[in-house]
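[1] Here you go, sequence then predicted model.
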Amino acid sequence: MERKKFRRKGGFWSRVNRAVTEVGIEHFDDDCAWDQRVKLPAWQLERLADREAQAPDKTTHGRPLGEAKIDAASVMRAYQIILRRGVGMGSRTTFGTFAVETDYDGYGITLTDGAVRVRVLFHNQVSIDSPNRRALVKFRRELHELLT
């Protein structure tokens, strides 16, 4: 009887690389400031939890709500919420006081409440058109309420 040689795919380092990179994401939490898949000592987990509890609010970046910066990530999260919950009319989707649209090429996102218009352009550049400061503060408050 002739023995067949089974050749493994790849060499030693490719098997090591495959073993190291094949990690499940069932324990991954987007809301956590650290990767919970890594087993850390209890004292380090306590420190990380304390640091996260003392961290400023991510949506306002530690500023008063009326002066909070509008960043691309917040606008894109609001865009996804509005698409899921809103009513679509053509290329425009509305939810509550907000309406969203995308550019014809899909790279630009526009979020508006009727007075303030925020656009997220290519490479996450943010463009804000507002008639006055009061309208911008109102927009920021409504955006914060939508995201929380």
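    On my side now, so go ahead. Remember, predicted model here, so these are calculated numbers, not experimental data.
[2] Could you use CA atoms for every contact and neighbour count after this?
    OK.
[3] just checking, L111 is part of a helix?
    No - counting by DSSP: H, G, I helix; E, B strand; the rest coil, L111 is located in no helix; its state is strand.
[4] was I right about it contacting R77?
    No - L111 is beyond contact range of R77, at 10.9 Å (criterion: Cα atoms under 8 Å).
[5] check which helix or strand covers P131.
    Using DSSP states H and E, P131 falls within no helix or strand.
[6] Please enumerate the strands of the chain.
    87-89, 92-95, 98-102, 109-112, 117-120, 126-129 (DSSP state E).
[7] For H144, which of these is the nearest?
    Ranking these by proximity to H144 (Cα to Cα) places strand 98-102 first, at 12.2 Å.
[8] Other residues contacting that closest one?
    79, 82-83, 91-94, 108-114 (Cα atoms under 8 Å, 6 or more residues apart in numbering).
[9] Can you get me the start-to-end distance on stretch 83-101?
    Stretch 83-101 has its terminal residues 10 Å apart, counting by Cα to Cα, to the nearest Å.
[10] Below-threshold pLDDT in this structure: ranges please.
    Across the chain, residues meeting the criterion (pLDDT under 70) sit at 1-10, 18-38, 55-68.
[11] so what are the domain limits for it?
    Following automatic domain parsing, one gets these domains for the chain: 12-54, 65-147.
[12] In TSV, list those along with mean neighbour count.
    Formatted as TSV, those follow (neighbours: other Cα atoms under 10 Å):
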stretch	mean neighbour count
domain 12-54	11
domain 65-147	16
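[13] who's in contact with V75?
    Residues near V75 by Cα under 8 Å, 6+ apart: L111, V118, V120.
[14] quick one: the residue nearest to the second one when sequence neighbours are not counted and T97, what's the gap?
    Leaving out its chain neighbours, the residue that sits closest to V118 by Cα to Cα, 6 or more residues apart in numbering is I128, at 4.5 Å. Distance from I128 to T97, counting by Cα to Cα: 17 Å.
[15] Could you do W13 as well?
    W13 is 56 Å from T97, by Cα to Cα.
[16] Also S127?
    Plainly put, S127 is 19 Å away from T97 if you go by Cα to Cα.
[17] where does D105 fall, phi/psi-wise?
    For D105, the backbone dihedrals (degrees, to the nearest 10) come out as phi -90, psi -10.
[18] Thanks a lot, catch you later.
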